[in-house]
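Participant: The sequence isn't on hand, but the structure is:
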């Protein structure tokens, strides 16, 4: 009898250890913080590679590719009302892989790609929100390109990196809306790349990910808007990070910020991804969040207003998408929201 009790006790201990070990070694993200909530689907054609920008509580998407055509339609998403509305068409030729930035509540869209006509593009346009009209500005100062990145200060816009049809680029150009001129900015020490990601926290813009010569890049950079200088940060696969953080390497992802945290979501690395990572600038550490809760995707768009963030559109292989999800980084996943 005593032997049976000991055996039962040992079996119970082994069972507890197995359960504990399994839960701790699980490679899924059930325990990662973050929740995605479904919002209103996009009203237009499903697409990828659209330009996008945000002004206050409104997100804007321009152009893109739907698998057949390069588009030039233009839409806005109302965060508060959870509704889409079509606006005046973009005046340039249809395109994908263009960039956008905002200065003084004006949207600026340019560069990109149209495989049927002019390939890589360099024309640029200004969107007047109050009148729902467009006007053309000076062409981009560098060589024509697609897959670049863009961001802004309160007074200027910046465009850099990308692919010009012959190779990847690393140059950056500054746009002055007063003089309507572009000036090359020097000081970026990172690798050439296309399809990189950026996010902005206060007066710092962070640039990472992307691809060059078939390699997914690990270097990580920050741009100080006040003094217009670049500084290198820990690589995305730095020894200080857990091995799991190699999952950060990707291209065609979206970057956005909520409060004083930055986020990288979705993208592709030998196939579409759905993982999400949070960057904490005070500790220079990355934290894995709960993955995007719908199709894995690349070439999506992201809207933000400082406290809310949304991810929409994109593609999974040859499937073009039109869904929209809002991200709550500090809530637990709720299956009812899918």
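Facilitator: The structure has been received and is ready for your questions. Note that the structure is predicted; figures quoted are calculated from it, not measured.

Participant: For the residue nearest the centre of the chain, give me its contacts.
Facilitator: Centroid-nearest residue in the chain, with Cα atoms, centre = their mean: residue 254, separated by 1.1 Å. Counting by Cβ atoms under 8 Å, 6 or more residues apart in numbering, residue 254 touches 197, 264-267, 300-302, 311. Backbone N, C-alpha and C define where each C-beta goes, glycine included.

Participant: any idea how far it lies from residue 61?
Facilitator: Relative to residue 61, residue 254 is positioned 12 Å away (Cβ to Cβ, to the nearest Å).

Participant: Find the residues that touch each one of these two.
Facilitator: residue 301.

Participant: any idea which of the contacts of residue 254 is closest to residue 289?
Facilitator: residue 265 (8.4 Å; Cβ to Cβ).

Participant: wait, doesn't the closest one sit right on residue 276?
Facilitator: Yes - contact criterion Cβ atoms under 8 Å: residue 265 and residue 276 qualify, at 4.5 Å.

Participant: more crowded one of those two?
Facilitator: Legend: neighbour count by other Cβ atoms under 10 Å for residue 265 and residue 276, higher for residue 265 (28 against 25).

Participant: Quickly list what the more buried one is bridged to.
Facilitator: residue 254, residue 276 (DSSP bridges).

Participant: what residues are up against it?
Facilitator: Contacts of residue 265 (Cβ under 8 Å, 6+ apart): 253-256, 275-277, 292, 300, 302, 311, 327.

Participant: and which of these is nearest residue 189?
Facilitator: Looking across the contacts of residue 265 and measuring by Cβ to Cβ, the closest to residue 189 is residue 255, at 19.7 Å.

Participant: which residues sit in contact with that closest one?
Facilitator: 197-199, 206, 208, 262-265, 302.

Participant: Could you provide the residues you listed in JSON lines, with additional columns for pLDDT and distance to residue 55?
Facilitator: Shown next, in JSON lines, are these (pLDDT from 0 to 100; distance: Cβ to Cβ, whole Å):
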{"residue": "197", "pLDDT": "98", "distance to residue 55": "20"}
{"residue": "198", "pLDDT": "98", "distance to residue 55": "17"}
{"residue": "199", "pLDDT": "98", "distance to residue 55": "17"}
{"residue": "206", "pLDDT": "98", "distance to residue 55": "21"}
{"residue": "208", "pLDDT": "98", "distance to residue 55": "25"}
{"residue": "262", "pLDDT": "98", "distance to residue 55": "20"}
{"residue": "263", "pLDDT": "98", "distance to residue 55": "20"}
{"residue": "264", "pLDDT": "98", "distance to residue 55": "23"}
{"residue": "265", "pLDDT": "98", "distance to residue 55": "21"}
{"residue": "302", "pLDDT": "98", "distance to residue 55": "14"}
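
Participant: for those residues, which one is nearest residue 81?
Facilitator: Looking across the contacts of residue 255 and measuring by Cβ to Cβ, the closest to residue 81 is residue 302, at 18.7 Å.

Participant: Just list whatever residues bridge to that closest one.
Facilitator: Beta-bridge partners of residue 302, as defined by DSSP bridges: residue 311.

Participant: now residue 193
Facilitator: Under the criterion used (DSSP bridges), residue 193 bridges to residue 169.

Participant: quick one: pLDDT of it?
Facilitator: Among the per-residue scores, residue 193 holds a pLDDT of 98.

Participant: dump the residue contacts of it.
Facilitator: Here residue 193 is in contact with 161, 168, 170, 210-212, 217 (Cβ under 8 Å, 6+ apart).

Participant: So which of the residues you listed are in helices?
Facilitator: Using DSSP state H, no member of these sits in helices.

Participant: Just those residues: which are in strands?
Facilitator: 161, 168, 170, 211-212 (DSSP state E).

Participant: Most widely separated two among the contacts of residue 254?
Facilitator: Once Cβ to Cβ is applied, the contacts of residue 254 give 264 and 301 as the farthest pair, at 14.3 Å.
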